[in-house]
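> I need the structure of the sequence given here:
(one chain, ligands or ions: 2)
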Amino acid sequence: MADCLFCRIVKREIPAVIVHETETTLAFRDINPKAPVHVLVIPKEHIDALIRLEKRHAPLLGDIHETIQEVARMEKVDTTGFRVIVNNGPDAGQAVSHLHYHVLGQRHLGWPPG
Ligand code: 5GP
Ligand code: ZN
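Ligands and ions are numbered 1, 2, ... in the order given. Predicted coordinates for the structure are as follows:
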């Protein structure tokens, strides 16, 4: 989508600190990190939110999980632990309408989240 912030990052129209890229996914640092490691993993395809996922996206979800694993290894939180969060819709505070997975780590993450 032309006016979507994360689509524009995919197209390199807006700068971001990209940490990993595959044919179908992109991983970049969150501009306002909530933990020492805070990477956003997105599909390159524009999907508004998790609720919009369809059966045909199953291979893409595999790719996203592989990218999350790769980011966890690269950021050295694969053994210490990390959290993956997807905010969906207004009550969850989803601010950017392009599906994204927050990967957070390198600090103790309380549970349940506030
Ligand atoms: P949400 O609240 O939608 O789940 O998360 C959106 C995230 O995108 C927030 O954590 C916010 O800091 C991050 N973000 C917003 N604008 C930008 C940007 O221009 N660049 C990057 N790298 N992150 C952004
Ligand atoms: Zn988009």
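> do you know how far Glu54 is from Gln69?
From Glu54 over to Gln69 the distance is 23 Å, taken as C-beta to C-beta, to the nearest Å. Bear in mind the C-beta positions are built from the backbone N, C-alpha and C, glycine included.
> who has more neighbours out of those two?
Counted by other C-beta atoms under 10 Å, Glu54 and Gln69 do not tie: Gln69 has more neighbours, with 12 against 8.
> the helix or strand harbouring that one packs against which elements?
When elements are assigned from DSSP states H and E, Gln69 belongs to helix 58-74. Using 3 or more C-beta pairs under 8 Å, 6 or more residues apart in numbering; DSSP states H and E as the contact definition, the elements that helix 58-74 packs against are strand 18-21, strand 25-29, strand 37-43, strand 101-105.
> list the buried residues in that helix.
Neighbour counts using 16 or more other C-beta atoms under 10 Å place Leu60, Asp63, Ile64, Thr67, Ile68, Glu70, Val71, Ala72 of helix 58-74 among the buried residues.
> with distance to Thr24 and pLDDT added, can I get those residues in TSV?
Formatted as TSV, the entries for the buried residues of helix 58-74 read as follows, by distance: C-beta to C-beta, whole Å; pLDDT from 0 to 100:
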residue	distance to Thr24	pLDDT
Leu60	6	98
Asp63	5	98
Ile64	8	98
Thr67	9	98
Ile68	13	98
Glu70	13	98
Val71	15	98
Ala72	18	98
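> ok, these vs ligand 1, which is closest?
Of all the buried residues of helix 58-74, the one with the least separation from ligand 1 (C-beta to the nearest ligand atom) is Val71, at 13.7 Å.
> list the contacts of that closest one.
Contacts for Val71 (C-beta atoms under 8 Å, 6 or more residues apart in numbering) come out as Val19, His20, Ala27, Val39, Val41, Val103.
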